[in-house]
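J.: I'll drop the sequence and a predicted model, then ask my questions.
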Amino acid sequence: MMLLFGSERALLLDTGDGDIPIDDVVHGLVDDWSQAHGGAPIELIVGNTHAHGDHVAGNDLFVGDADTSIVGIGEAAVRQFFGIDAWPEQIVQYDLGGRVLDIVPLPGHEKAHIAVYDPATGVVFTGDTLYPGRLYIADFPAYVASIGRLVDHLADKEVCRVLGAHIEMTNTPGEDFEFMQASHPDEHPLELDMAHLLELRDAVEAMQEPMIEVHDDFIVYPL
């Protein structure tokens, strides 16, 4: 779960898989930020990198909250909220107030997936499309196109970190944790970088047929 602040609104990316009382914490952070920057109220936007349950289950905690808008899940709702007319080719900007984010359609893992690039920090938020772990791919052609689109968009931009939404790799190159493992000793850091995104792009574009392919810091895992 990531919380990005601008002068007029804050964007919460993902809300977890439920049973996590994050609404009070998030609203408290928004209030603290507002007080530290002059006291004017700012709107909270609750959005998601994609529509899978472990990313959207906490959305309902924010229903009816003051100064809060919730982006609907699914491609149509995401397109409407961000003003994306030509999905998935069109990349749009979303202004938090003095902080403009790039919203990049990224179907493949899930059809309504997006990435968010923040020029203010050089961070790319990639959700479940790229992280240190098993990269589950539901629609392989769409995934390949999405990775290429994201790489092309970032080619002339400063990228200091690529932050996904999970960690499933150990610090031993190419070694992941068992499914449903209760603890993650010696866990890989969350942070990846542009070199990993390029490595992923090259790997999936080179595949004549989708296949599981183990890399040091992620595993291509077509379903």
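T.: Thanks, I have it. Numbers count the residues shown, from 1 in each chain.
J.: Now for the residue nearest the centre of the chain: which residues touch it?
T.: When C-alpha atoms, centre = their mean is applied to the chain, the residue found nearest the centroid is residue 127 (2.9 Å). Shown in contact with residue 127 (C-beta atoms under 8 Å, 6 or more residues apart in numbering): 13-14, 49-50, 55, 106, 109, 113-115, 164-165. Using the backbone N, CA and C atoms, a C-beta is placed for each residue, glycine as well.
J.: Among those, which are located in strands?
T.: 13, 114-115, 164 (DSSP state E).
J.: Now flag whichever of the residues you listed is closest to residue 66.
T.: residue 13 (20.7 Å; C-beta to C-beta).
J.: Next one: the nearest residue to that closest one once chain neighbours are set aside, what pLDDT does it get?
T.: Taking C-beta to C-beta, 6 or more residues apart in numbering, and ignoring the residues beside it in sequence, residue 13 has residue 2 as its nearest neighbour in space, at 4.3 Å. Confidence at residue 2, expressed as pLDDT, is 97.
J.: now swap in residue 20 and tell me
T.: 86.
J.: do the one 4 residues further on as well
T.: Note for residue 24: predicted pLDDT of 94.
J.: Next secondary structure element downstream of the strand or helix carrying it?
T.: In this structure, residue 24 sits in helix 22-36 according to DSSP states H and E. Counting by DSSP H and E, the next helix or strand C-terminal to helix 22-36 is strand 43-47.
J.: That following strand pairs with which strands, parallel or anti?
T.: strand 9-13 (parallel), strand 68-70 (parallel) (DSSP bridges).
J.: Return the set of buried residues in the next helix or strand after the last one.
T.: Stepping forward along the backbone from strand 68-70, the first helix or strand reached (DSSP H and E) is helix 75-82. Within helix 75-82, the residues that qualify as buried are 75, 77-79, 81-82, counting by 16 or more other C-beta atoms under 10 Å.
J.: What degree of burial does residue 189 show, as a neighbour count?
T.: 10 (other C-beta atoms under 10 Å).
J.: now the closest residue in space to it that isn't next to it in sequence: how far from residue 153?
T.: Leaving aside its chain neighbours, residue 189 sits nearest to residue 132 (7.2 Å; criterion: C-beta to C-beta, 6+ apart). Separation of residue 132 from residue 153 (C-beta to C-beta, to the nearest Å): 22 Å.
J.: repeat for residue 37
T.: Per C-beta to C-beta, residue 37 is found 30 Å from residue 153.
J.: Check residue 163 too.
T.: From residue 163 to residue 153 the distance is 16 Å (C-beta to C-beta).
J.: Looking at these two, which one has more neighbours?
T.: With neighbours defined as other C-beta under 10 Å, residue 163 and residue 153 compare such that residue 163 has more, 18 against 15.
J.: Contacts only, for that one.
T.: 2, 123-126, 131, 190-192.
J.: which two in those are spaced the farthest apart?
T.: The widest separation within the contacts of residue 163 (C-beta to C-beta) is 14.7 Å, between 2 and 192.
J.: Have a look at the two and say which one is more surrounded.
T.: residue 192 (22 against 15).
J.: SS state for residue 125?
T.: Under DSSP: H, G, I helix; E, B strand; the rest coil, residue 125 falls in the strand class.
J.: Look up how far residue 206 lies from it.
T.: 26 Å.
J.: got it, and residue 109?
T.: For residue 109 relative to residue 206 (C-beta to C-beta), the value is 19 Å.
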